[in-house]
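how would this look folded up:
(2 chains)
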Amino acid sequence: MQHLLSAADLDREAAVRILDTAQEMSRLTDRAIKKLPTLRGRTVVNLFFEDSTRTRTSFELAAKRLSADVVNFSAKGSSLSKGESLKDTALTLEAMGADAIVVRHPASGAPHRLATAGWVSARVVNAGDGTHEHPTQALLDAYTMRRHLGDLEGRAVVVVGDVLHSRVARSNVLLLHTLGAQVTLVGPPTLLPVGVESWPCRVSYDLDTELAKADAVMMLRVQLERMGASYFPSAREYSRRYGLDDDRLHLLPEHAVVLHPGPMNRGMEITADVADSPRSVIVEQVGNGVLVRMAVLYLLLGGGDVEDRG
Amino acid sequence: MSVLVRGAALLGRQRADLRLVEGRISAVGSLSPQRGEQVLDADGLVALPGLVDLHTHLREPGREDAETVRTGTRAAAAGGFTAVHAMANTEPVADTAGVVEQVWRLGQDAGHCDVHPVGAVTVGLGGTQLAELGAMADSAARVRVFSDDGHCVFDAALMRRALEYVKAFDGVVAQHAQEPRLTSGAQMNEGELSGRLGLVGWPAAAEEAVVARDVLLAAHVRSRVHVCHLSTAGSVEIVRWAKGKGWPVTAEVTPHHLLLTEASAASYDPVFKVNPPLRSEEDVTALREGLADGTIDAVATDHAPHPREAKDCEWAVAAFGMLGLETAVSVVQQVMVEPGLLDWAGVADRMSVRPASIGRISQQGRPLAEGEPASFVLLDPAATRTISAVETHSKSRNTPYAGLTLPGRVVATFLRGRCTHGATA
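Residues are numbered from 1 along each chain as shown, chains lettered A, B, ... in the order given. As a prediction, the model looks like this:
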């Protein structure tokens, strides 16, 4: 693995390797001293062009637990607001000797450019680019589902909401398909991308029907701004048709879990009761995020066996 | 002094010698060199009337960092062009007689090819108030083509008035057909790929809706409308339908829309970012067929130079547009001539005769015959070349064809008997 730009970069073997490594990380960090010396002397730069305290903190913790030197480079609005260009930022980081660059950017494909334009020799990890992908989120979702459901082969995962603007949905469809799960996207037709019928998943407009068959349901954040652009008529109508409330929670099979990539709009796509219910694994997702990001950084920068290096 | 061009295949057909005297073709046929005459051996070369581009961004005044009239027209001559239409989206905008005359004079001074400024339809390309179209038409630049290219003349009432108004001087409104509300923030063709790449889509319907409206308006007011850079199969259908009714509609297609597809966007390399965007395979096929059957009148380059930093960045931030002048005829040879969709006479028609007619340029797009202006291009169709971004006469390097091997080479370009590129330039 040279870079992690898209969930499509991972075949089944590579994906399972990351998930298994994350599990190993879980075991090794489940002790008083959480730190492993694996990436000592390596520099990981968190290059964030968008505010995202949770993702940045997660990557930061992951790198620190592997003993890497971590630099947070916040370049909010950089080239989009005519500040320093992505290229110049990249050249700066290259000159500083970054071994890995974790990049969050509002423009789809920016991590791709960073990895392929010849500006840097560092490994690039996509920490969310525009409305394109967020592969480590998909990995932590898969990790979380695996913990509750076991092997995901044949498992039914329903992803609900604003798929059109969701990098989480894109990465999840790709990764879950690779892992053998059956993904169904549910949302108003306005929030499903053109061409979605050729994605490796099913599409439905009817949430209630899908919930009864689901092993896991993932609620996507829906931004209220979308209402202004006529993607749906009102927040209430959205919640009624596509929100997860107590009534709908009861449609789910006993073993099914509820996920949300965060940050949640309580009362919009998910009610507070559901978010805080025992079926919800939303808080657990956060902890798992650190583990899969440790695994990704480790495999990109270290390689080899965790035990040997640890 | 005269020049004898020996053995060129005129329009790719019969071989003949051409004698050039004082800017004109003085004789055609089997000619013997006269004493002191300069002889150019054109054996194996194809002679076409000098190419005429309806759609060129020369960037001057305002963006001389990207291109100047001098560098852009030098690139044009290298591409076999003897006339270009300089688009109006300069800084300041070419919306007054003063600016169009400036561009026209810069073209005259450079001397590489004729420069016909396009006048803006609306003041500042703002889409709300008609520019002084008559003043531009009456100026030394004799503007006949009017366009807000880069912006759509979206207001239907304003478009109607513009179409009516230019009738007074036999002008044409060249429309950049793009429904603005359907293309807000658009980055690439809308389809399965845009959804996958997370890039905002530019639906074909946003072009077709405006093309449909405009052909109806042109028919209603009986004035000429020209569709710039037509890019979808649906637009081809609409223009074919309108022409079938005898309506005064013409259309152009760019070389890049004839060769490349949206698949290039998967690289996120902004060198492939252009407006209208690269489309699907089906669209490309329909565009080639439309050009072959004459539904599409002209190949126009939409040569759009940009400085390096405008492309050396994220896709969403990058400028729209790509170079085209120096590669146009090679692309047309590859996609039209080699598959048998057009012969060289057809290329002459689509790249010289019809564009000159649409622009109302009487001294271009003429037959290669005695007494005609000696403005023509000599091509070597047997040559091949690998395109390099740095080997260009343009000031910019944003060619999407870098690394591709394309057929054909412009050996020499003549403008009124004077060699502007190649052999003896």
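
for chain A, what lies in contact range of chain B?
Residues of chain A lying close to chain B by C-beta under 8 Å from any C-beta of the partner chain are A:79-80, A:85-87, A:105-110, A:112-113, A:116-117, A:129-133, A:164, A:167, A:170, A:193-196, A:198-199. Every C-beta, even on glycine, is put in place using the N, C-alpha and C of the backbone.

would you mind checking the residues you listed for buried ones?
Taking 16 or more other C-beta atoms under 10 Å in any protein chain shown as the criterion, what is buried in those is A:79-80, A:85-87, A:105-110, A:112-113, A:117, A:129-133, A:164, A:167, A:170, A:193, A:196, A:199.

out of those residues, which sit inside helices?
Within these, residues falling in helices by DSSP state H are A:86, A:87, A:110, A:112, A:113, A:167, A:170.

let me see the ranges of the strands in the stretch 201-310 of chain A.
Assigned by DSSP state E, counting those that start in this stretch, the strands in the stretch 201-310 of chain A fall at A:202-204, A:216-219, A:257-259.

other residues contacting the second one?
By C-beta atoms under 8 Å, 6 or more residues apart in numbering or on different chains, the list of residues contacting strand A:216-219 from outside reads A:141, A:145, A:148-149, A:155-161, A:168, A:172, A:211, A:244, A:252, A:256-261, A:264, A:269-270.

buried subset of these as a ChimeraX selection?
Remark: buried members of the contacts of strand A:216-219, expressed as a ChimeraX selection using 16+ other C-beta under 10 Å:
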select /A:141,145,149,155,156,157,158,159,160,161,168,172,211,244,252,256,257,258,259,260,261,264,269,270
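
could you tell me which of the contacts of strand A:216-219 are located in helices?
Those of the contacts of strand A:216-219 lying in helices (DSSP H): A:141, A:145, A:148, A:149, A:168, A:172, A:211.

of all those residues, which comes closest to chain B?
Using C-beta to the nearest C-beta, residue A:168 comes nearest to chain B of the ones in helices among the contacts of strand A:216-219, at 11.2 Å.

residue contacts, that closest one?
Applying C-beta under 8 Å, 6+ apart, the residues near residue A:168 are A:134, A:137, A:138, A:141, A:218, A:220, A:261.

do the same with residue A:235
By C-beta under 8 Å, 6+ apart, the residues touching residue A:235 are A:224, A:227, A:268.

do you know the pLDDT at the residue nearest to the first one when sequence neighbours are not counted?
Meaning residue A:224. Leaving aside its sequence neighbours, residue A:224 sits nearest to residue A:235 (C-beta to C-beta, 6 or more residues apart in numbering or on different chains; 6.4 Å). Per-residue confidence (pLDDT) for residue A:235: 91.

which helix of the chain spans the most residues?
If you meant another chain, say so; for now it's chain A. In chain A, assigned by DSSP H, the helix with the most residues is helix A:282-301.

could you do chain B instead?
Per DSSP H, chain B has its longest helix at helix B:204-221.

right, and residue B:56 touches residue B:87 too?
Yes - at 6.5 Å, residue B:56 counts as touching residue B:87 under the criterion of C-beta atoms under 8 Å.

residue ranges of each domain in chain B, please.
Annotated domains of chain B cover B:2-46+B:372-389+B:404-422, B:49-358 [automatic domain parsing].

just how off-centre is the last one within its chain?
Spelled out, it's domain B:49-358. 7 Å (C-alpha atoms, centre = their mean, to the nearest Å).

and stretch A:258-269, by the same measure?
That offset, for stretch A:258-269, works out to 14 Å (C-alpha atoms, centre = their mean).

I figured residue A:71 hits residue A:45, correct?
Yes - if you go by C-beta under 8 Å, residue A:71 and residue A:45 touch, sitting 4.8 Å apart.

just to revisit the earlier point, for the contacts of residue A:235, give me TSV that also has neighbour count.
Below are the contacts of residue A:235 laid out as TSV (neighbours: other C-beta atoms under 10 Å in any protein chain shown):
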residue	neighbour count
A:224	10
A:227	15
A:268	19
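
which of these sits closest to residue B:378?
Within the contacts of residue A:235, the smallest distance to residue B:378 is 62.2 Å, found for residue A:227 (C-beta to C-beta).

surely the closest one is in contact with residue A:233?
Yes - with contacts counted by C-beta under 8 Å, residue A:227 reaches residue A:233, the gap being 7.5 Å.

which ones are touching residue A:124?
Contacts for residue A:124 (C-beta under 8 Å, 6+ apart) come out as A:3, A:4, A:5, A:100, A:101, A:103, A:111, A:114, A:115.

hmm, I typed the wrong one, I wanted residue B:132.
With C-beta under 8 Å, 6+ apart, residue B:132 has these contacts: B:95, B:96, B:97.

I appreciate the help and will end here.
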